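Student: One predicted model, sequence on top.
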Amino acid sequence: MLDDDALRELLPRLRRFALWLIRDPASADDLVQASLEKALSRWAGKRAGGELRAWLFSILYRQFLDGQRRQRRQAALLALLGRQPEQDSPPPEQGLQAHATLAAFEQLPAEQRALLILVGVEGLSYAEAACTLDMPIGTVMSRLSRARKALRALEEGDTPGPRLRRQK
């Protein structure tokens, strides 16, 4: 049974998650709307007793990934045609520690931002985050650890160099 109140309660969380993924309010609203449309159209296929919050975050994240793939294909097509895609303008300088943390957070890859938001802000358990992002719980734990380490390094002004793998 569709619970309107539960959906309405989750809207600000979904929008916040989308905003951190996309970094553009209008596009974030579009992503939330598209995700809710998809969720409502597939409501009958939702597992009974499944966590609504994790299910909606999972749909939103997959919609985001699909959009990223579309943008890469479009950029490749524009490059073939000799046109360059528009570049985003950098965020304004921020002086306070909170703003520095947010700026560092924005520099993290989308996957790391998603993990930090789902676990740190939205309060999903590791198991729920693993289900949402469709990855093993151990992978969530290790990637979350690396995301936290990268955020601390960026806050302190350390810019990590490229990681080289040792091959045998």
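Tutor: On my side now, so go ahead.

Student: Could you pull out the buried residues of the one helix or strand residue 102 maps to?
Tutor: Element membership for residue 102 (DSSP states H and E) is helix 97-107. For helix 97-107, the neighbour count (16 or more other C-beta atoms under 10 Å) marks 100, 103-105 as buried. Backbone N, C-alpha and C define where each C-beta goes, glycine included.

Student: One more: stretch 33-40?
Tutor: 34-36, 39.

Student: farthest-separated two in the residues you listed?
Tutor: Maximum pairwise distance among the buried residues of stretch 33-40 (C-beta to C-beta): 9.7 Å, between 34 and 39.

Student: For this structure, which residue occupies the most central location?
Tutor: residue 114 (3.5 Å; C-alpha atoms, centre = their mean).

Student: host element of it?
Tutor: helix 110-116.

Student: tell me what the helix or strand following that helix is packed against?
Tutor: Counting by DSSP H and E, the next helix or strand C-terminal to helix 110-116 is helix 126-133. With contacts taken as 3 or more C-beta pairs under 8 Å, 6 or more residues apart in numbering; DSSP states H and E, helix 126-133 sits against helix 52-80, helix 110-116, helix 137-155.

Student: And the average pLDDT for helix 126-133 is what?
Tutor: Mean per-residue pLDDT for helix 126-133: 89.

Student: chain center to that helix, what's the gap?
Tutor: 13 Å (C-alpha atoms, centre = their mean, to the nearest Å).

Student: Sounds good, over and out.
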